[in-house]
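Enquirer: Pasting the sequence and the predicted model now:
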Amino acid sequence: MTELVPTPSTPELLAPYGELVLPVPNGEDFGSGDAELVLDGASPRFWSMAADHRAPTVPALARHLRCSQCLASADGRPWWIVLAPPQSKPTPPDPARIRLFRIEPGVILKLHVGTWHAGPYFPEARATFFLLELKDTNSRDFTEVALPEPLHFAFAPAA
């Protein structure tokens, strides 16, 4: 059994996978701290997702090749996501490049186009998330690959 250990959620360590979008003061103009979005080929969809708890086991990863995707907790609680960098081939990513990140409340995670991901994960029975993607992301832009061996992790408190 492979156990994932959380990687600190810093902009530098998340850079191969996406961007952290941190709060900025009201009225601030677009800047380097804002997400660089790719929303081509269909209308954007901004929605609130009610998600049920899943065990912290990762049997597969998914990706979207037509858009970046943004996720944030609507409940103001931390959550976890498993990520692997984008790659051109539709085969499982190198297990050595798969990381677990804990995302803090008040922060948006923007995934790069093609980033492999599983989650969001959370310890509560149910959680709500805000998502920004394309309206057909889950029906026309969804590739999933099974991992050679499921990955496991624990919901760890912040370091």
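Expert: Yep, that arrived.
Enquirer: what comes into contact with the helix or strand of the chain with the lowest mean pLDDT?
Expert: Across the helices and strands of the chain, the lowest-confidence element by mean pLDDT, DSSP states H and E is helix 137-140, at a mean of 69. Defining contact as C-beta atoms under 8 Å, 6 or more residues apart in numbering, one finds that helix 137-140 is touched by Ala42, Arg45, His64, Arg66, Cys67, Gln69. Bear in mind the C-beta positions are built from the backbone N, C-alpha and C, glycine included.
Enquirer: distance between it and the chain's centre?
Expert: Offset of helix 137-140 from its chain centre (C-alpha atoms, centre = their mean, to the nearest Å): 16 Å.
Enquirer: Give me the residues contacting the following helix or strand past it.
Expert: Under the assignment DSSP states H and E, the closest C-terminal helix or strand after helix 137-140 is strand 143-152. With contact meaning C-beta under 8 Å, 6+ apart, strand 143-152 is reached by 1-4, 56-65, 82, 90-93, 95, 98, 116.
Enquirer: Just the buried residues from the contacts of helix 137-140, in ChimeraX please.
Expert: Buried members of those, defined by 16 or more other C-beta atoms under 10 Å, are picked up in ChimeraX with:
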select :64,66,67,69
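Enquirer: can you tell me which of the contacts of helix 137-140 are in strands?
Expert: In strands, defined here by DSSP state E, the members of the contacts of helix 137-140 are Arg45, Gln69.
Enquirer: from the contacts of helix 137-140, which is closest to Phe129?
Expert: Of all those, Phe129 sits closest to Gln69, with 11.1 Å by C-beta to C-beta.
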